[in-house]
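Chemist: just a sequence and a predicted model for now, questions to come.
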Amino acid sequence: MTDPTPAPAAPAYTGPRRILSGIQASGALHLGNYLGALKRFVELQDQGAPVFVFVADMHAITVWQEPEKLAAQTREIAAAYLASGLDPAKSIIFPQSSVRAHADLAWIFNCVARLGWLDRMTQFKEKSGKHKERASVGLYTYPVLQAADILLYKATEVPVGEDQKQHLELTRDIAQKFNNDFSVPGFFPVPEPVIQGPATRVMSLRDGAAKMSKSDPSDNSRINLTDDADTIASKIRKAKTDPAPLPETLEELNDRPEARNLVAIYAALSGQTREQVMAEFGGQGFGAFKPALADLAVSSLAPVTAEIRRLLDDPTEIDRVLKDGAERAAEVADPVVDEVKTIVGFWRA
């Protein structure tokens, strides 16, 4: 008796390569956003594939936002995109809420995703804390909207931090289930994560075990992209370290989180590997390393900070970019959601 012939694999997605990512419109951006996201967006843009970069204002309101501040925060994120080197001629930069297809597809995906999948999402548990009954429904279903953000443009690659890998796995599950449930193999791609660089997860300057965050009550825990040179240098000078000099091997950094974080930041800003940084500074004390890191951070961020301030002083250019980007994004998104509505059986005139 012979073994049955295995079923053929479902056809893979054969559409074009597309890259998509976004940042929430909730508070000022910091060095972690710059190294973990903005610089990587620019690198991917310059590879030639279409890049969709949005301001996630719909995600922002999963927790309370002051309405009068939300539009300003959207402009601030867009200004940081432009100041970091994203080119509106190469990348589509837009506010999430200005493309209504995001909400349309998110509802359909709410009916595809399974409750058990969302129950396993660790970020909801972390953000809702002990009082999850007080959290918004939007915070719970946030990953489904994120899946819609990605698949609406049939993105094949998504730059993500380590803390977002679980959400991307959910997106992959939704894509595969939709394709299978409605017998449309290869309709949605199964997107791949793009995790690269020596500082994809930048940690707090006050606690090497905690991620650098705009919600941290201590401003000294982060370097804001709007900080001036003196503030940047002061924050690095005050950054928490241990008394021992920098080791000469990466293995020795494993149990020294603050030192490991500063080395990774230097590597990312300088375009070096961490091994190269250790070769240069290993065995030296932080009295020598911190001033070098401060000088590097100031020289790297000063042009970005100056451009952000220029754009925010007269937001006409920002608004023009966002309006144009929303129109271009909708040209891609609307046909996709229209086809999805036909596939699921909605009445179409």
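Modeler: Cool, the structure landed. Small disclaimer: the values here were computed from a predicted structure and weren't measured.
Chemist: A326 touches I93, doesn't it?
Modeler: No - at 9.1 Å, A326 does not count as touching I93 under the criterion of Cβ atoms under 8 Å. C-beta coordinates here come from the backbone N, C-alpha and C atoms, glycine included.
Chemist: of those two, who's got more company?
Modeler: I93 (27 against 20; other Cβ atoms under 10 Å).
Chemist: now that one: which helix or strand?
Modeler: For I93, the host element (DSSP states H and E) is strand 91-95.
Chemist: helices or strands next to that strand in the packing?
Modeler: On a contact count with 3 or more Cβ pairs under 8 Å, 6 or more residues apart in numbering; DSSP states H and E, strand 91-95 meets strand 51-56, helix 67-84, helix 316-344.
Chemist: just those: most buried one?
Modeler: Mean neighbour count (mean count of other Cβ atoms under 10 Å) peaks for strand 51-56 among those, with a mean of 26.
Chemist: could I get the helices and strands packed on strand 91-95 as TSV with mean pLDDT?
Modeler: Output for the helices and strands packed on strand 91-95, formatted as TSV (pLDDT from 0 to 100):
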stretch	mean pLDDT
strand 51-56	96
helix 67-84	94
helix 316-344	98
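Chemist: switch those over to JSON lines; also include distance to L246.
Modeler: Shown next, in JSON lines, are these (distance: least, Cβ to Cβ, whole Å):
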{"stretch": "strand 51-56", "distance to L246": "36"}
{"stretch": "helix 67-84", "distance to L246": "29"}
{"stretch": "helix 316-344", "distance to L246": "41"}
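Chemist: K154: which of these is closest?
Modeler: Among the helices and strands packed on strand 91-95, helix 316-344 comes nearest to K154, with 6.6 Å by Cβ to Cβ.
Chemist: strand 51-56 and the closest one, what's the angle between them?
Modeler: Angle, helix 316-344 to strand 51-56, by axes from the mean of the first three to the mean of the last three Cα atoms, to 10 degrees: 100 degrees.
Chemist: run the chain-centre distance for helix 316-344.
Modeler: 20 Å (Cα atoms, centre = their mean, to the nearest Å).
Chemist: just the strands in the stretch 151-300 of the chain please.
Modeler: Remark: strands assigned in the stretch 151-300 of the chain by DSSP state E, counting those that start in this stretch are 157-159, 192-194.
Chemist: highest mean neighbour count out of those strands?
Modeler: With neighbours taken as mean count of other Cβ under 10 Å, the strands of the stretch 151-300 of the chain reach their highest mean count in strand 157-159, at a mean of 22.
Chemist: would you mind pulling up the elements that that one packs against?
Modeler: If contacts are counted by 3+ Cβ pairs under 8 Å, 6+ apart, strand 157-159 sits against strand 19-24, helix 39-45, strand 192-194.
Chemist: ok, back up a step: quick one, the very next helix or strand once past the strand holding I93 and helix 316-344 angle?
Modeler: Note on strand 91-95: by DSSP H and E, the next helix or strand toward the C-terminus is helix 101-110. Helix 101-110 runs at 30 degrees relative to helix 316-344, counting by the same axes, to 10 degrees.
Chemist: can you tell me what sits against helix 101-110?
Modeler: By Cβ atoms under 8 Å, 6 or more residues apart in numbering, the list of residues contacting helix 101-110 from outside reads 58, 96, 141, 144-145, 147-149, 151-152, 174, 178, 330, 333-334, 336-337, 340-341, 344.
Chemist: point out the most buried one among the helices and strands packed on strand 157-159.
Modeler: strand 19-24 (a mean of 23).
Chemist: other SSEs contacting that strand?
Modeler: In terms of contact count using 3+ Cβ pairs under 8 Å, 6+ apart, strand 19-24 is assigned the packing partners strand 51-56, helix 57-60, helix 137-151, strand 157-159.
Chemist: will you turn these into JSON lines that also has distance to K214?
Modeler: As requested, the helices and strands packed on strand 19-24 are exported to JSON lines (distance: least, Cβ to Cβ, whole Å):
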{"stretch": "strand 51-56", "distance to K214": "14"}
{"stretch": "helix 57-60", "distance to K214": "12"}
{"stretch": "helix 137-151", "distance to K214": "17"}
{"stretch": "strand 157-159", "distance to K214": "19"}
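Chemist: among these, which is nearest P88?
Modeler: That would be strand 51-56 among the helices and strands packed on strand 19-24, by Cβ to Cβ, at 9.8 Å.
Chemist: hmm, who's touching that closest one?
Modeler: Strand 51-56 has contacts (Cβ under 8 Å, 6+ apart) with 18-25, 41, 44-45, 74, 77-78, 81, 86, 90-96, 149, 153, 155, 322, 329, 332.
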